[in-house]
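Colleague: Predicted model follows, preceded by the sequence.
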Number of protein chains: 2
Amino acid sequence: MTRVAVAQLALQVGRADENRAAATAAVVEAAATGARLVVLPELVNSGYVFSDPAEARALAEPADGRTVSEWVRLARAHDLVIVGGFCELVGGQVRNSQAMVDSGGLRAVYRKVHLWDAEQDVFVPGEDLAPVVDTMIGRVAMMVCYDLEFPEWVRSVGLRGADVLAVSTNWPVSPVPRGERSVLIAHAQVAAASNRMFVAVADRCSAERGVGWVSGSLIIGPGGYPLAGPVLQDRPTVLVADCDLSTARDKSSGPRNDVHRDRRPDLYATGETVSP
Amino acid sequence: MTRVAVAQLALQVGRADENRAAATAAVVEAAATGARLVVLPELVNSGYVFSDPAEARALAEPADGRTVSEWVRLARAHDLVIVGGFCELVGGQVRNSQAMVDSGGLRAVYRKVHLWDAEQDVFVPGEDLAPVVDTMIGRVAMMVCYDLEFPEWVRSVGLRGADVLAVSTNWPVSPVPRGERSVLIAHAQVAAASNRMFVAVADRCSAERGVGWVSGSLIIGPGGYPLAGPVLQDRPTVLVADCDLSTARDKSSGPRNDVHRDRRPDLYATGETVSP
């Protein structure tokens, strides 16, 4: 059994030191409960609601900068896998990135492929697959926010054997009918159920320059049901769930069904306009 | 505005006459409210829980048999599009099929591609794409039950321009954690939201040979939220919602985002094991 943690953080745009400190405190709290995987939100170092691209660029840092280096230190000190989002400067370009670190150091950097709204003015989209990394706790996949709304992207990490998908997000609030919860939660549930894998989502809290957040951090099992959360309260939270990650290797959805083997890729590829 | 109806029916295996009568009564009730599209469950004529393949074969009928002919009569009498599931005998094979009819007669037959559990002993799986048919109310796509759990299949009708996806289903009950609703509802929500289309699901009620049903009939808008239902009560119900189906032609999910244009098929196709 592996204890998985997601940290819902109150970040502030431009306050890199406070943001790093909030993340560190949450990681230490998670480690103290026995967590081995800790997921942090999107853009932890910078915050999200930039006035303009220049503000983001000024806050961006390389993958060996202060933020990710601090996560490496924490991973070594507490024997953790940490996955978190950061505003990256790489090759002169600003990226909406996500790092995975463990006691061995930096394991992977993923650059968000599907950019939401004004992010298109700020970031260069990624051109590489979302990583699936073999770690001490199992195979951990990476993804940022809007990426999760593309079932093809989720399937790609599922088919490459992800046991748990770590999602760093800043889900902006949008209207939700009474009695319903954000459909973003449903996206996370279906990502899990469609691929019989765990999904751990770390969301934001605390409005920033007028933008509020779903605060929907949660941990979902391979059946598609929450094991912890969704929080849905606008406050910093460390959420944990004990996950037998090995169960994600079994893709059975019933005595005679398997969510991956039952696929019909021969039919999905048919026709120019229906690929994939 | 188009009134869409889904009919949650209490069917009984082997009682074809009563089953047809129940469907007819529901269609007439829906038409009386002004519905133009009526969706019926899976395997309306036969019921679902067969003792063996021979029982299903004995109940199967061709697409010009009594069940679908009755739907054509109703479609003509009330100027409707009707989509419903039936146990089909075609070319000597038994299929889990779905018919679409309108005042012009039979428009399409779809044969379920993804077969659940013991259906594999009873039915030959389909080999053709799920149809998207241009009708008097807009483009109506077809799908049966477990098909909906394959995002690739849903995407395929979305990319071919479906305004509304008509799902005929018999969702068997499975355990749901307290405070949650069946993850099958989330699948339907995400099908809608991922493709900004309407989704209309007609489910079963009334346990059959010990198998209970989710009774989760519902109609969902392009934002992924229910417009009517889910019923989640074990009783026959005709559910209606007024849908501006033309809004499904706009795939915008935000001022600068589009759920289809934002896809990155160049990346989805990368690598042998991640197709599509």
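Modeller: Perfect, I can see it now. Numbering: from 1, shown residues only, chains lettered A, B, ... in the order given.
Colleague: okay, CA-based contacts and neighbour counts for the rest of this
Modeller: Will do.
Colleague: Which residues are in contact with the residue nearest the centre of chain A?
Modeller: Taking C-alpha atoms, centre = their mean, the centroid of chain A lies closest to A:V167, which sits 1.4 Å from it. Neighbour list for A:V167: A:39, A:41, A:142-145, A:148, A:199-202 [criterion: C-alpha atoms under 8 Å, 6 or more residues apart in numbering or on different chains].
Colleague: out of the residues you listed, which touch chain B?
Modeller: Among the contacts of A:V167, no residue lies close to chain B (C-alpha under 8 Å from any C-alpha of the partner chain).
Colleague: tell me which residues in the helix or strand containing A:M142 are buried?
Modeller: Assigned by DSSP states H and E, A:M142 falls within strand A:138-144. Across strand A:138-144, burial judged by 16 or more other C-alpha atoms under 10 Å in any protein chain shown covers A:138-144.
Colleague: Follow the chain on from it and name the next helix or strand.
Modeller: helix A:151-159.
Colleague: If you compare the directions of that following helix and strand A:138-144, what angle comes out?
Modeller: Put simply, helix A:151-159 runs at 160 degrees to strand A:138-144, going by axes from the mean of the first three to the mean of the last three C-alpha atoms, to 10 degrees.
Colleague: average pLDDT across helix A:151-159?
Modeller: In this model, helix A:151-159 has an average pLDDT of 97.
Colleague: Show me how far the lowest-mean-pLDDT helix or strand in chain A is from its chain's centre.
Modeller: The helix or strand of chain A with the poorest confidence is helix A:265-268; it has a mean of 92 (mean pLDDT, DSSP states H and E). With C-alpha atoms, centre = their mean, to the nearest Å as the basis, helix A:265-268 stands 29 Å off its chain's centre.
Colleague: helices and strands around it, which ones?
Modeller: If contacts are counted by 3 or more C-alpha pairs under 8 Å, 6 or more residues apart in numbering or on different chains; DSSP states H and E, helix A:265-268 sits against helix B:151-159.
Colleague: and the stretch 51-200 of chain A, which residues reach chain B?
Modeller: Counting by C-alpha under 8 Å from any C-alpha, the stretch 51-200 of chain A comes close to chain B at A:114, A:116-118, A:127-129, A:149-153, A:155-157, A:159-160, A:176-177, A:180, A:183, A:186-187, A:189-190, A:193-194.
Colleague: now with 6 Å?
Modeller: Within reach of chain B by C-alpha under 6 Å from any C-alpha of the partner chain, the stretch 51-200 of chain A has these residues: A:117, A:156, A:159, A:186-187, A:190.
Colleague: In three-state terms, label the residue lying closest to A:E42 once chain neighbours are set aside for me.
Modeller: In space, and not counting its chain neighbours, A:E42 is closest to A:G85: 4.1 Å by C-alpha to C-alpha, 6 or more residues apart in numbering or on different chains. With DSSP: H, G, I helix; E, B strand; the rest coil as the basis, the three-state label of A:G85 is strand.
Colleague: and A:G85, bridged to which residues?
Modeller: Beta-bridge partners recorded for A:G85 (DSSP bridges): A:Q98.
Colleague: Next, work out how far apart it and A:P151 are.
Modeller: 21 Å (C-alpha to C-alpha, to the nearest Å).
Colleague: Then A:T33?
Modeller: A:T33 is 33 Å from A:P151, by C-alpha to C-alpha.
Colleague: Please say which of these two ends up with more neighbours.
Modeller: A:P151 (23 against 13; other C-alpha atoms under 10 Å in any protein chain shown).
Colleague: Could you list which residues are in contact with the more buried one?
Modeller: Contact partners of A:P151, counting by C-alpha atoms under 6 Å, 6 or more residues apart in numbering or on different chains, are absent.
Colleague: ok so, going back, what residues sit buried inside the least confident helix or strand of chain A?
Modeller: A:267-268.
Colleague: quick one, strands of the stretch 51-200 of chain A?
Modeller: Using DSSP state E, counting those that start in this stretch, the strands of the stretch 51-200 of chain A run over residues A:81-90, A:93-102, A:105-111, A:132-135, A:138-144, A:164-168, A:198-202.
Colleague: just checking, what packs against the first one?
Modeller: Here strand A:81-90 touches strand A:37-39, strand A:93-102, going by 3 or more C-alpha pairs under 6 Å, 6 or more residues apart in numbering or on different chains; DSSP states H and E.
Colleague: Quick one: neighbours of whichever residue of the stretch 1-150 of chain A sits closest to chain B, just the number.
Modeller: Using C-alpha to the nearest C-alpha, the closest approach of the stretch 1-150 of chain A to chain B is made by A:D117 at 5.1 Å. When neighbours are defined as other C-alpha under 10 Å, A:D117 has 14 of them.
Colleague: Ok, the one 5 residues further on next?
Modeller: The number of residues packed near A:V122 is 20, by other C-alpha under 10 Å.
Colleague: quick one, the longest helix seen in chain A and strand A:81-90 angle?
Modeller: Taking DSSP state H as the criterion, chain A has its longest helix at helix A:16-32. Helix A:16-32 and strand A:81-90 are oriented at 160 degrees to each other (the same axes, to 10 degrees).
Colleague: Dump helix A:16-32 to PDB, keeping only the CA atoms.
Modeller: The C-alpha trace of helix A:16-32 is given here as PDB (Å, rounded to 0.1, in the frame of the first residue of the first chain):
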ATOM      1  CA  ALA A  16       8.000  33.000  -5.400                       C
ATOM      2  CA  ASP A  17       9.500  32.800  -1.900                       C
ATOM      3  CA  GLU A  18       6.100  32.400  -0.100                       C
ATOM      4  CA  ASN A  19       4.900  30.000  -2.800                       C
ATOM      5  CA  ARG A  20       8.000  27.800  -2.400                       C
ATOM      6  CA  ALA A  21       7.600  27.900   1.300                       C
ATOM      7  CA  ALA A  22       3.900  26.900   1.100                       C
ATOM      8  CA  ALA A  23       4.900  23.900  -1.100                       C
ATOM      9  CA  THR A  24       7.700  22.900   1.200                       C
ATOM     10  CA  ALA A  25       5.400  23.000   4.200                       C
ATOM     11  CA  ALA A  26       2.800  20.900   2.500                       C
ATOM     12  CA  VAL A  27       5.400  18.300   1.300                       C
ATOM     13  CA  VAL A  28       6.800  18.000   4.900                       C
ATOM     14  CA  GLU A  29       3.200  17.600   6.200                       C
ATOM     15  CA  ALA A  30       2.500  14.900   3.600                       C
ATOM     16  CA  ALA A  31       5.800  13.100   4.400                       C
ATOM     17  CA  ALA A  32       5.000  13.200   8.100                       C
END
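Colleague: And it, how far out from the chain middle?
Modeller: The answer for helix A:16-32 is 17 Å, by C-alpha atoms, centre = their mean.
Colleague: which helices and strands sit right next to that helix?
Modeller: Using 3+ C-alpha pairs under 6 Å, 6+ apart: helix A:16-32 touches no other helix or strand.
Colleague: Other residues contacting it?
Modeller: Defining contact as C-alpha under 6 Å, 6+ apart, one finds that helix A:16-32 is touched by A:11, A:45-46.
Colleague: hmm, try it at 7 Å
Modeller: The set of residues external to helix A:16-32 that reach it, using C-alpha atoms under 7 Å, 6 or more residues apart in numbering or on different chains, is A:5, A:7, A:9, A:11-12, A:38, A:44-46, A:67, A:78, A:238.
Colleague: Go through that helix and flag the buried ones.
Modeller: For helix A:16-32, by 16+ other C-alpha under 10 Å, it's A:16, A:19-20, A:22-24, A:26-28, A:30-31.
Colleague: again with stretch A:75-82
Modeller: So stretch A:75-82, judged by 16+ other C-alpha under 10 Å, has buried residues A:75-76, A:78-82.
Colleague: Looking at stretch A:218-236 now, give me its mean pLDDT.
Modeller: Rounded mean pLDDT across stretch A:218-236 is 98.
Colleague: correction: stretch A:2-11
Modeller: Computed over stretch A:2-11, the average pLDDT equals 98.
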